[in-house]
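Visitor: Have a look at this fold, sequence not included:
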């Protein structure tokens, strides 16, 4: 399947699609203090990843994914403008939770070089058609060709089986705070390719 790379021309479309796909995500909703929409969250986070050229969309707008490569550092976008946006989105609670989530995400992030799946999602009404598999294997094939592991966090228990089916194993389950939903940290070793 062919995917459309995300750049400055289609950043807004990518934000809309991924926000729609993540609308029921427990941890992002907790982090942002149950906002009406997750678009502002992805307006803050996604532009940090797009320049690394590993963010792509289904050409029909049914889903997308965003990764970081093995030598691209995860940097949570803590700037005054971001904090202002989070304040508007979720008030003081949202600012606190966003900073806490960012710190915990970086704390648990593996130091070994790997591909990091920041976000992958299929919009409601388009699930169960194999699109999620196409989106994730697009980069997992690259991981295997390069002999590079992959890492992700998920806060939806029902997604564990999907990721495990693509070779990921649960490292541990954490919570950003006592009131936060659980997050599963998952790791995938590269698989041999039939060269």
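Guide: It's in. Worth saying up front: this structure is predicted, and the values here are computed from it rather than measured.

Visitor: Show me which strand runs longest in this structure.
Guide: Ranked by residue count and defined by DSSP state E, the top strand of the chain is strand 115-122.

Visitor: State the mean pLDDT of that strand.
Guide: If you average the pLDDT over strand 115-122, you get 96.

Visitor: need the next SSE after that strand, C-terminal direction.
Guide: Tracing the chain past strand 115-122, the next element assigned as helix or strand by DSSP states H and E is helix 131-146.

Visitor: ok, residues contacting that following helix?
Guide: 1, 3, 54, 56, 58, 62-65, 67, 70, 115, 117, 120, 122, 148-150, 162, 166-167, 188, 190-193 (Cβ atoms under 8 Å, 6 or more residues apart in numbering). Bear in mind the C-beta positions are built from the backbone N, C-alpha and C, glycine included.

Visitor: Lowest mean pLDDT among the helices and strands, pick that one out for the chain.
Guide: helix 80-108 (a mean of 78; mean pLDDT, DSSP states H and E).

Visitor: So which bits of that one are buried?
Guide: Across helix 80-108, burial judged by 16 or more other Cβ atoms under 10 Å covers 82-83, 85-86, 89-90, 93-95, 97-99, 101-102, 104-105.

Visitor: quick one: contacts for the residue most central in space within the chain?
Guide: Centroid-nearest residue in the chain: residue 119, 2.0 Å away (criterion: Cα atoms, centre = their mean). By Cβ under 8 Å, 6+ apart, the residues touching residue 119 are 18, 22, 42, 46, 64, 65, 66.

Visitor: redo that, cut-off 7 Å
Guide: Residues in contact with residue 119, defined by Cβ atoms under 7 Å, 6 or more residues apart in numbering, are 18, 22, 65, 66.

Visitor: Return the closest of the residues you listed with respect to residue 177.
Guide: Using Cβ to Cβ, residue 22 is the member of those that lies nearest residue 177, at 19.7 Å.

Visitor: one step back: which two of the buried residues of helix 80-108 have the greatest separation?
Guide: Among the buried residues of helix 80-108, the pair separated by the greatest distance (Cβ to Cβ) is 85 and 104, at 20.2 Å.

Visitor: hang on, the earlier thing: now flag whichever of the buried residues of helix 80-108 is closest to residue 36.
Guide: Nearest to residue 36 out of these is residue 89 (Cβ to Cβ; 9.0 Å).

Visitor: Settle this for me: that closest one is touching residue 40, isn't it.
Guide: Yes: Residue 89 lies in contact with residue 40 (Cβ atoms under 7 Å); the separation is 4.7 Å.

Visitor: Surely residue 59 is in contact with residue 1?
Guide: No: counting by Cβ under 7 Å, residue 59 stays clear of residue 1, with 8.9 Å between them.

Visitor: which parts of stretch 12-24 are buried?
Guide: 14, 15, 16, 17, 18, 19, 20, 21, 22.

Visitor: Give me the contact list for that stretch.
Guide: 6, 28, 37-39, 42-43, 46, 55, 57, 61, 63-64, 119, 121-123.

Visitor: could you flag which of the residues you listed are buried?
Guide: 6, 28, 38-39, 42-43, 46, 55, 57, 61, 63-64, 119, 121-123.
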